[in-house]
Structure formats: structure tokens, C-alpha cells
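Asker: next one to model:
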Amino acid sequence: MYAAIEAGGTKFVCAVSDHQLNIVEKIRIATTDPQQTLRRVFAFLDQYDIEAIGVGAFGPLDLDNQSSHYGYITTTPKAGWQEFNFLGVLKGHFEDIPIIFTTDVNIAAVGEQRLGAGRGAQNVAYYTVGTGIGMGFLYHGALYDGRGNLEAGHILVRRSNEDKFAGVCPYHRDCLEGMASGPAMESRWGLKGANIPTDSFAWRLEANYLAQACMITTLSLSPDIIIFGGGVSNRSELFPLIRSEFSKILGGYVTTPNLAHYIVHAALGNDAGIVGGLLLAKDAAVKVSTSALAPD
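Answerer: Numbering: from 1, shown residues only. Alright, predicted model coming up:
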């Protein structure tokens, strides 16, 4: 069986599947302190004969495999998780099981690229817009990681003249996450995004900031598609506004695919991360199996 762990700052989602990626069982665990949270993760997964695990974690992460802190969650504002050796603890528990470890947005990007809205595309940018904002990127179908994970949620955006909100990011105040995340919307408007009326100016402002992210992504990475997931992006009226704002601020400087197929909602919805984690687990298991069969 394959296993996936989608480790978020609010909740962990864990699942096991058969070899055809049919999910056998899935649970959600509130993210508390590392010891308590992982105790419940281990209790769930230890019930099954696991061949490989795909893990996507909130960050920032150290993904430099030459670093002494490889696999650590580093400067997260999440209490108790700063400088936590996440991968090391997982490897210590699952000693002989291959683990692929990356960001939560990366595993969602994998799910969408192979089985969701990005199917057939090679260069895929995936943004999650919820409690935080993060981006995963696949370059020619492969996960893109540098010394650490991409932190596109903290790119600086141009403040709208109509927006006096200070921003909620404790590091940068008015970065993309500080201005357009779920907590930013709730703090600015006094309502959760799900409760903000469809015709509210809030959505045009949100679209402007997300369109700026699309412009920066387009000019720096030139993806085939930009996919949005996460709770805030579940509002369907948001996408025509993002495309309109994007077209306006890009000003025709470069060509893109048809915007209706270029800036899109995640087809797998909230399952993108778990599906991606299971796909990566399958990749790891197949690689081990192939290596075992290879002649000496």
C-alpha cells in the first residue's frame, strides 16, 4: 500500500491507497505540537503495510539535501514547529520505507499536473490561497526545488490605491500572503471569505492581488498553466475577475494561452495534495522495485 501525508499548519491529512491509488482510508488530524500530532499520524499509518510515503509539509522547509538541516521546518510562525526535524523523525519511525519529502503545495501541484487541471501540461504553477499562500512548481514535469522551497506567497505586491489595510504577514506585512490570504480577508473585512457577498468589492481587490501573482509568475517562470486551490479560491466568481485584472496589468507585453485555460481552479479541489502524495509514494515504490530487479 502507498501512504500520503499532507502536513498543514491547521491540519494533517493522511491517507493510504492500493496500487491503483484507490484510497482505502483517510483521516484528518488537528495540527497541535509535533509530538502529539505525529503520535496520531503514526498510530494511523502503522495499521497498514506501507511500501512508500509521499509527504508534503508546510514551511518554510530546508530542501537542500547537502544541508545539515535538510528536512527541517525552519522559520515557521507555527508555535512549536520552528527548526523541527520533520523528515528525520519520519525516517526514524519508518526506518526501511522510502519517503519523498517536499512542500504541501508541491504535492498538490503533482496531483493537478498528472490527474487534474494541469493534465498534459509540463510547466505547472500551483497556488494555494487559504490560511497562507504558497506556490508549487513543476518544470518539465519534475518538482522544482532550489536551496529551499519556493516562497511565492511572500512576493511583494503593489498596494491598490483603494486599500489601506496594513497586511497580516508578521515578516513583511503587505506581501501577497499578508494582503490576500484568508486571514487577511477576514481581518480586513470582518468576515470569512465564504461569507463575503458575491458582488462585494472585496473580490475585485482580491483578484487584483492574485492577478499580480499571476503576472510575476508568467514573467519569471513562463508556465503552461497557473492553477489556484485552497479555500479562498473556491469562489467561482473570483476567476473571471483575476483574468480581467491580469489582462489589464500585463498590458499585452507577452502572449499567454487563452486565459480561460491558463488561470484556472484546481480540478481535484481539496484532494489535490493527497492525490499528489500518493503519486509520489508510488513513484518511490516503483523506483525501489526497479532497482531491486536490475542486474548487478
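Asker: and the contacts of stretch 242-260?
Answerer: For stretch 242-260, the surrounding residues in contact (CB atoms under 8 Å, 6 or more residues apart in numbering) are 204, 207-208, 210-212, 214-215, 218-219, 222, 224-225, 228, 262-263. Glycine gets a C-beta too; all of them are placed from N, C-alpha and C.
Asker: and the helix or strand bottoming out on mean pLDDT in the chain, which residues are buried?
Answerer: Least confident helix or strand of the chain, by mean pLDDT, DSSP states H and E, is helix 272-293 with a mean of 88. Neighbour counts using 16 or more other CB atoms under 10 Å place 272-285 of helix 272-293 among the buried residues.
Asker: mind putting these in JSON lines, distance to Val89 included?
Answerer: Below are those laid out as JSON lines (distance: CB to CB, whole Å):
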{"residue": "Ala272", "distance to Val89": "25"}
{"residue": "Gly273", "distance to Val89": "20"}
{"residue": "Ile274", "distance to Val89": "21"}
{"residue": "Val275", "distance to Val89": "24"}
{"residue": "Gly276", "distance to Val89": "22"}
{"residue": "Gly277", "distance to Val89": "17"}
{"residue": "Leu278", "distance to Val89": "21"}
{"residue": "Leu279", "distance to Val89": "23"}
{"residue": "Leu280", "distance to Val89": "19"}
{"residue": "Ala281", "distance to Val89": "18"}
{"residue": "Lys282", "distance to Val89": "23"}
{"residue": "Asp283", "distance to Val89": "22"}
{"residue": "Ala284", "distance to Val89": "18"}
{"residue": "Ala285", "distance to Val89": "21"}
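Asker: quick check: the farthest pair among those residues?
Answerer: Ala272 and Ala285 (20.6 Å; CB to CB).
Asker: before we move on, back to that, packing partners of the least confident helix or strand of the chain?
Answerer: With contacts defined as 3 or more CB pairs under 8 Å, 6 or more residues apart in numbering; DSSP states H and E, helix 272-293 has these neighbours: strand 2-7, strand 11-17, strand 23-30, strand 52-57, strand 99-103, helix 104-115.
Asker: Throw the ones you listed into TSV and include mean pLDDT and distance to Ile249, thanks.
Answerer: Below are those laid out as TSV (pLDDT from 0 to 100; distance: least, CB to CB, whole Å):
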stretch	mean pLDDT	distance to Ile249
strand 2-7	98	32
strand 11-17	97	34
strand 23-30	97	38
strand 52-57	98	31
strand 99-103	96	27
helix 104-115	97	23
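Asker: so Gly134: helix, strand or coil?
Answerer: strand (DSSP: H, G, I helix; E, B strand; the rest coil).
Asker: which residue lies nearest the spatial centre of this structure?
Answerer: With distances taken as CA atoms, centre = their mean, Val105 lies nearest the centre of the chain, 1.6 Å away.
Asker: could you verify my assumption that that one touches Tyr127?
Answerer: Yes. Under the criterion of CB atoms under 8 Å, Val105 makes contact with Tyr127 at 7.5 Å.
Asker: tell me, what's touching the two both at once?
Answerer: Joint contacts of Val105 and Tyr127 (CB under 8 Å, 6+ apart) are Gly134, Met135.
Asker: break this structure down into its domains, please.
Answerer: 2-104, 117-267 (automatic domain parsing).
Asker: tell me which of those domains lies nearest to Ser289.
Answerer: domain 2-104 (8.7 Å).
Asker: compute the first-to-last residue distance for the closest one.
Answerer: End-to-end distance for domain 2-104: 17 Å, by CA to CA, to the nearest Å.
Asker: stretch 75-90 too?
Answerer: One end of stretch 75-90 sits 19 Å from the other (CA to CA).
Asker: got any ranges where the stretch 101-250 of the chain has weak pLDDT?
Answerer: Within the stretch 101-250 of the chain, no range satisfies pLDDT under 70.
Asker: where exactly do the helices run in it?
Answerer: Assigned by DSSP state H, counting those that start in this stretch, the stretch 101-250 of the chain shows helices spanning 104-115, 176-180, 182-189, 201-221, 238-250.
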